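1. Take a look and give me a structure for this.
(2 chains)
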2 protein chains.
Amino acid sequence: MARTKGFEPERALDRAMELFWSRGYEATSLRELLEEMGIGQGSFYGTFGDKHALFLATLDRYREAAEAGAVATLEDGSPKEAIRAVFGGMVDVLAGQEEPRRGCFLANSAVEIAPHDAEVGERISRYLQSLEDAFERTVRRGQATGEIDTRRDPRTLARSLVNNSLGLRVLARTGTDRRTLEDAADAALWPLG
Amino acid sequence: MARTKGFEPERALDRAMELFWSRGYEATSLRELLEEMGIGQGSFYGTFGDKHALFLATLDRYREAAEAGAVATLEDGSPKEAIRAVFGGMVDVLAGQEEPRRGCFLANSAVEIAPHDAEVGERISRYLQSLEDAFERTVRRGQATGEIDTRRDPRTLARSLVNNSLGLRVLARTGTDRRTLEDAADAALWPLG
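-> Alright, predicted model coming up:
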């Protein structure tokens, strides 16, 4: 469809994502979305459908970036250092956000929306599975070179890494200090050996 | 204040908690609360104040029971088995809920509400701190007898246990199968030795 003068769908999508991420799905009203996105109701419905469809689009946008970032980091260089880098980056983001306690948009949506909404749940599960798969590939790579403890089952270890990463995202929502996040992240790497 | 005939505040509080736990804070309307609690608007305001005050009361009720349960389990018997029992019990509850994916009321509230609401945030932080303290006492007890690996810092190990328990509560919201929850819970105990 033709663009309205001055209306950039990608930018509007990013602004909607920021709002959903800050406030959650339920607490964000259509009126606030229109204001934040700087568009009228007509353009909104024509381009994005409705609030729910817009939410799914923002979730896809975030998920693709998060997945690509983690996978790229995990496939590069020393397996153990790659896993350490993923956790270090996560703590940096969670502890350093301009808006404190914003956490992770996917984890927030998992807790707030996933149980009641199959389309959201399916997207979150797909993300968690791809993160688990990427961790498992990296663990196997590290076990093959002896850099990672071979006594640990790689799938279980990958699940543990996913689980720990989700815990950090909840801790961040409660305003946990950086030092505690770092402690928990360090401990998540202990089983690597 | 005098009780309205047939109105039991404790039971009404429990029903409100179930509703908030199932639906979240924002998605639960006052109308639904009144219906679920079986009381009129007058009794509601007279007894509970408003929706927010009621939410805090339900959170306190849940928190006190959760805290007491975990602390009692952790202080009893073998330290390592006590920690295992806490995680085993958590997986049983998370995987076996009549309403699937209901998760944990405290973790759900931490993610949905804590960042925007100091009174909720303070309650969640207090719960997490008391859980961390209880884990730390148990770890120290286990290290003193040699049952738990003494190379691990007890505070860091306690933080890791809290972090892992929070991860499980997010995984449960996404409909993760019992086997995966068990794997992640098993791995949380690896650092105990």
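2. for the helix or strand hosting A:Gly46, packing partners?
-> Element membership for A:Gly46 (DSSP states H and E) is helix A:41-48. Using 3 or more Cβ pairs under 8 Å, 6 or more residues apart in numbering or on different chains; DSSP states H and E, the elements in contact with helix A:41-48 are helix A:9-23, helix A:30-37, helix A:51-74. The way it works is simple: take the backbone N, C-alpha and C, and place the C-beta from them, glycine included.
3. I'd like the mean pLDDT over the longest one, please.
-> Along helix A:51-74, the predicted confidence averages to a pLDDT of 96.
4. Flag every buried residue along the longest helix seen in chain A.
-> If you go by DSSP state H, chain A has its longest helix at helix A:118-145. The neighbour-count check on helix A:118-145 (16 or more other Cβ atoms under 10 Å in any protein chain shown) flags A:120-121, A:123-125, A:127-128, A:130-132, A:134-143 as buried.
5. pLDDT below threshold where in chain A?
-> For chain A, the stretches with pLDDT under 70 are A:1-6.
6. and the residue nearest the centre of it, what element?
-> Nearest to the mean C-alpha position of chain A, by Cα atoms, centre = their mean, lies A:Leu106 at 4.4 Å. Take DSSP H and E as the rule and A:Leu106 turns out to sit in helix A:105-112.
7. angle of that helix against helix B:105-112?
-> Going by axes from the mean of the first three to the mean of the last three Cα atoms, to 10 degrees, helix A:105-112 is angled at 140 degrees with respect to helix B:105-112.
8. that older thread, restricting to C-alpha, output the helix holding A:Gly46 in CSV.
-> Output of helix A:41-48 as CSV, limited to C-alpha atoms (Å, rounded to 0.1, in the frame of the first residue of the first chain):
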residue,chain,number,x,y,z
GLN,A,41,-6.4,5.4,13.0
GLY,A,42,-6.9,4.9,9.3
SER,A,43,-3.2,4.4,8.5
PHE,A,44,-2.9,2.2,11.6
TYR,A,45,-5.6,-0.3,10.6
GLY,A,46,-4.5,-0.2,7.0
THR,A,47,-0.9,-1.0,7.8
PHE,A,48,-0.9,-3.0,10.9
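9. Residues in contact with that helix: which ones?
-> Helix A:41-48 has contacts (Cβ atoms under 8 Å, 6 or more residues apart in numbering or on different chains) with A:1, A:4, A:7, A:9, A:12-13, A:16, A:30, A:33-34, A:37, A:39, A:54, A:57.
10. got the buried residues for it?
-> Per 16+ other Cβ under 10 Å, helix A:41-48 contains these buried residues: A:43-44, A:47-48.
11. re the thing from before, within reach of chain B, which of the buried residues of helix A:118-145 are there?
-> For chain B, the contacts drawn from the buried residues of helix A:118-145 by Cβ under 8 Å from any Cβ of the partner chain are A:121, A:124-125, A:128.
12. which one among those residues gets closest to B:Leu74?
-> Proximity of those to B:Leu74 (Cβ to Cβ) peaks at A:Leu128, which lies at 29.0 Å.
13. doesn't B:Thr174 make contact with that closest one?
-> Yes: between A:Leu128 and B:Thr174 there is a contact under Cβ atoms under 8 Å: 6.4 Å.
14. Against A:Met37, how distant is the residue nearest to the centre of chain A?
-> 21 Å (Cβ to Cβ, to the nearest Å).
15. Can you tell me the element the closest residue to A:Glu26 other than its chain neighbours falls in?
-> Of all residues not flanking A:Glu26 in the chain, B:Glu26 sits nearest, at 3.7 Å (Cβ to Cβ, 6 or more residues apart in numbering or on different chains). Under the criterion DSSP H and E, no helix or strand holds B:Glu26.
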